[in-house]
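Peer 1: Here is my input; please provide its structure:
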Amino acid sequence: MSETLSREILDASASDLVAALADRRVSALELADAAISRIEARDGAINAVVVRDFERARDAARAADAALGRGERRALLGLPMTVKESHNIGGLATTWGAEVFNNWIAPSDSVGVGRLKAAGAVILGKTNIPPFLADFQSNNPIYGRTRNPWDLSRTPGGSSGGGAAALAAGMIPLEFGSDIGGSIRNPAHFCGVFGHKPSYNLIPTRGHQPPRVADGAGVVLAVVGPLARTAADLGLALDVLAGPDEAEATAYRLALPPARHERLADYRVLIVDEHPLAPLDDEIRASLIDRADQLESLGAKVARTSDLLPDLVQLHTTYTAILMPAMSRGQPGVQTISAHEWMALLDAQAQIRSQWAQLFAAFDVVLAPVHGSAAFPHDDEPDPGARTLMINAVETPYFAQLAWSGLATLGNLPATVMPLGQTRAGLPFGVQVIGPFLEDRTSLRFASLAEQAFGGFQRPPGF
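Peer 2: Presented below is the predicted three-dimensional model:
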């Protein structure tokens, strides 16, 4: 493959690559080899693809070419991609970035990985994470630090940071991540790509849990979902991944409603650009306000406030109280809460979910920040609770930014992140498009329409 063809092909969207494979304009093996060459050429300083499975990927690509030659067509047939290290792939290490799990080999694929493979995806390897997926950075004692391709001195986000960095650097067209505290959304925001946090339980999480934790009821709030360079590619992946796990599939079938509208002018949009607990960089707020004005100029109905919005302090308090026990699952020596305290928290969550449902009777989507700043410099302070971030030249608590993630997470709502703009220093930032529960196609379609109207992914300089 020539360098010109390599750039043309590898910079294409996942959807275009699937079409090129089906039309036999490129072979799956040729595409896998070109992606592997990109990883080998570009990943040294970035350190995104930390578990490599290139030979098995080549075997899968050859099998895809044979299937294509027989006339088979599947949603991802022959498409090279990566998945987050925390997803089980049979025969590969799954460590969650923690030394206590070092050298643990997954016996089988997670449900999501199995569905990707069944759709024909060629999985090249796994991408980097923080320990226990619990940081806005992706740095751990097993694989080291992942760096942002926009600025190597800065974080790509966490915990799906390796995948977002690989996407932005053009190494792969599609990534499979996970999210409970913004772990898909923050990396997409920091790296200038797209990400989708699905509605809770829309995609089974079985096979995505700390090693040696038996598959069980799953983790409350936690979801798995895709990252890509276009909104359409998020939808392509969601169609493959969504649907009940095999036990529920005995009775239940997936029937996601269509997007509420097919024109930006028809959307009713609520803008949330302030949070009492989480400061927001002035440049991000100004860009969000500009986007609201642009939407209004196209005919959309845009509101800057609403009495229907849940109390953001109460929401965040409930969210973090549920998040901490959920995140500590599988970790030794953690503090526990009583069963009655837990049930009271779930009652509070149900009340807030009801408030969101009332809001989405009046609005179609909510646009909100993803994080209070663009990508920040690497921070090696060993106590995460002691870290701070500089926002508008003011020192702020590091984990206060979980408040923006919690808006959608506590409500079990879908949230699609898309690029919004760049800072004066040239760093990308995004916006999350929050939709009604189980109306993932609405937030995805809005993001796609906005991408067409205002632009989307841009390559980092040098890539």
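
Peer 1: Enumerate every residue touching the residue nearest to Leu241 when sequence neighbours are not counted.
Peer 2: In this structure, Leu241 finds its nearest non-sequential neighbour in Ile203, 4.6 Å apart by C-beta to C-beta, 6 or more residues apart in numbering. Yep, even glycine has a C-beta here, placed from its N, CA and C like the rest. Residues in contact with Ile203 (C-beta atoms under 8 Å, 6 or more residues apart in numbering) are Val111, Gly112, Val223, Val224, Gly225, Leu238, Leu241, Ala242, Gly243.

Peer 1: Look at the residue nearest the centre of the chain and report its pLDDT.
Peer 2: For the chain, Ile184 is the residue whose C-alpha lies nearest the centre (C-alpha atoms, centre = their mean; 2.4 Å). On pLDDT, Ile184 comes in at 99.

Peer 1: Pull up the gap between it and Gly426, please.
Peer 2: Separation of Ile184 from Gly426 (C-beta to C-beta, to the nearest Å): 23 Å.

Peer 1: and what of Ala303?
Peer 2: The spacing between Ala303 and Gly426, counted by C-beta to C-beta, is 32 Å.

Peer 1: These two: which is more packed in?
Peer 2: Ala303 (15 against 11; other C-beta atoms under 10 Å).

Peer 1: OK, contacts around the more buried one?
Peer 2: By C-beta under 8 Å, 6+ apart, the contact list for Ala303 reads Arg268, Val269, Leu270, Ile271, Phe363.

Peer 1: Please apply the same query to Arg62.
Peer 2: Counting by C-beta under 8 Å, 6+ apart, Arg62 touches Ala28, Leu29.

Peer 1: and with 10 Å instead?
Peer 2: Taking C-beta atoms under 10 Å, 6 or more residues apart in numbering, we find Arg62 in contact with Ser27, Ala28, Leu29, Ala32, Val122.

Peer 1: With Arg185 instead?
Peer 2: The contact partners of Arg185, taken as C-beta under 10 Å, 6+ apart, are 157, 160, 164, 177, 179, 195-197, 225, 227, 370-371, 404-405, 408-409, 415-417, 430-432.

Peer 1: So which of those belong to helices?
Peer 2: Mapping the contacts of Arg185 onto helices (DSSP state H) picks out Ala164, Trp404, Ser405, Ala408, Thr409.

Peer 1: Tell me the buried residues in the host helix or strand of Leu31?
Peer 2: According to DSSP states H and E, Leu31 maps onto helix 28-46. Neighbour counts over helix 28-46 (16 or more other C-beta atoms under 10 Å) mark 28-36, 38-39, 42-43, 46 as buried.

Peer 1: and these as JSON lines, adding distance to Ser338?
Peer 2: Converted to JSON lines, the buried residues of helix 28-46 look like this (distance: C-beta to C-beta, whole Å):
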{"residue": "Ala28", "distance to Ser338": "53"}
{"residue": "Leu29", "distance to Ser338": "56"}
{"residue": "Glu30", "distance to Ser338": "58"}
{"residue": "Leu31", "distance to Ser338": "53"}
{"residue": "Ala32", "distance to Ser338": "51"}
{"residue": "Asp33", "distance to Ser338": "56"}
{"residue": "Ala34", "distance to Ser338": "55"}
{"residue": "Ala35", "distance to Ser338": "50"}
{"residue": "Ile36", "distance to Ser338": "51"}
{"residue": "Arg38", "distance to Ser338": "51"}
{"residue": "Ile39", "distance to Ser338": "48"}
{"residue": "Arg42", "distance to Ser338": "50"}
{"residue": "Asp43", "distance to Ser338": "46"}
{"residue": "Ile46", "distance to Ser338": "44"}
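
Peer 1: and Gly125, how many neighbours does it have?
Peer 2: So Gly125, with other C-beta under 10 Å, has 25 neighbours.

Peer 1: got a list of what the residue nearest to it when sequence neighbours are not counted touches?
Peer 2: Distance criterion C-beta to C-beta, 6+ apart; nearest residue to Gly125, sequence neighbours excluded, is Arg52 at 4.2 Å. Neighbour list for Arg52: Ile36, Ile39, Glu40, Asp43, Thr82, Leu92, Leu124, Gly125, Lys126 [criterion: C-beta under 10 Å, 6+ apart].

Peer 1: Look up how far Ala14 lies from the fourth one.
Peer 2: The one in question is Asp43. Distance, Asp43 to Ala14, by C-beta to C-beta: 19 Å.

Peer 1: Kindly report the same for the second one.
Peer 2: Distance, Ile39 to Ala14, using C-beta to C-beta: 16 Å.
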